[in-house]
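Enquirer: fold the following and give me the result.
(chains A and B)
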Amino acid sequence: SQTIHQWPATLVQPVGSPLSLECTVEGTSNPNLYWYRQAAGRGLQLLFYSVGIGQISSEVPQNLSASRPQDRQFILSSKKLLLSDSGFYLCAWSARPWDSPYSNQPQHFGDGTRLSIL
Amino acid sequence: SQQGEEDPQALSIQEGENATMNCSYKTSINNLQWYRQNSGRGLVHLILIRSNEREKHSGRLRVTLDTSKKSSSLLITASRAADTASYFCAIKGYSTLTFGKGTMLLVSP
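Expert: As a prediction, this is how the structure comes out:
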């Protein structure tokens, strides 16, 4: 069966420090991968998605970046964190149909990373 | 905006009662999905209904879709305390999935 792992679960960082959040998927190949941010009591904001190794689409311009160095690994980074980067970060994957980079399949989420910026 | 909007924002019921949550949207869709999120956890997929479907069932869950009214509803029958969570609808257009802000459901024993 497929599983998705995110770490760390909780992170407290000072303003201006770098960030690296990692997400890995097991039990599937060629997944679409996603990074979301959820502010307290709000919906999910899509930050980045990837349809393949090295292919990253950014939905929201900001000081965050994403990379996909391997098929089932998705990394969210920042060189200098801002106070506004605080939130709950969620990684997700979905199966990709052979005929489209976009998936009509449901998304499967990790348990998230709660990031607090001081 | 392709974002779905859930209604109500919060719902409080007793165990055994039914819970109904609604989702409205503004654009054409490929499919509409419902997810549940327990406090501090990731989202869990519940049901996907395609634009050419009108109703789907899964256990105690019933989802309807009315594309003419651009709305969907999620019904949870015979609710349990364990159903306490936030419920999100997500709109699938051509590419990415867009989530609403959710309905917080509290089921009291």
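
Enquirer: tell me which helix or strand the closest residue to B:Glu55 other than its chain neighbours sits in.
Expert: Distances taken as CB to CB, 6 or more residues apart in numbering or on different chains place B:Thr64 nearest to B:Glu55, at 5.0 Å, with adjacent residues excluded. To be clear about C-beta, it is placed using only N, CA and C from the backbone, and glycine gets the same treatment. Assigned by DSSP states H and E, B:Thr64 belongs to strand B:61-66.

Enquirer: contact residues of chain B facing chain A?
Expert: B:3, B:30-31, B:33, B:40-45, B:48, B:50, B:88, B:90, B:92, B:94-102 (CB under 8 Å from any CB of the partner chain).

Enquirer: please report phi then psi for B:Ala82.
Expert: Dihedral angles of B:Ala82 (phi, psi; degrees, to the nearest 10) stand at phi -70, psi -10.

Enquirer: from B:Asp7, how far out is it?
Expert: Applying CB to CB, to the nearest Å, the value for B:Ala82 to B:Asp7 is 23 Å.

Enquirer: and if you look at A:Leu90?
Expert: Distance from A:Leu90 to B:Asp7, by CB to CB: 24 Å.

Enquirer: for B:Leu46, same thing?
Expert: 17 Å.

Enquirer: go on, A:Asn32?
Expert: In terms of CB to CB, A:Asn32 sits 30 Å off from B:Asp7.

Enquirer: and what of B:Arg62?
Expert: Going from B:Arg62 to B:Asp7 by CB to CB gives 17 Å.

Enquirer: out of these two, which sits in the busier spot?
Expert: B:Arg62 (17 against 14; other CB atoms under 10 Å in any protein chain shown).
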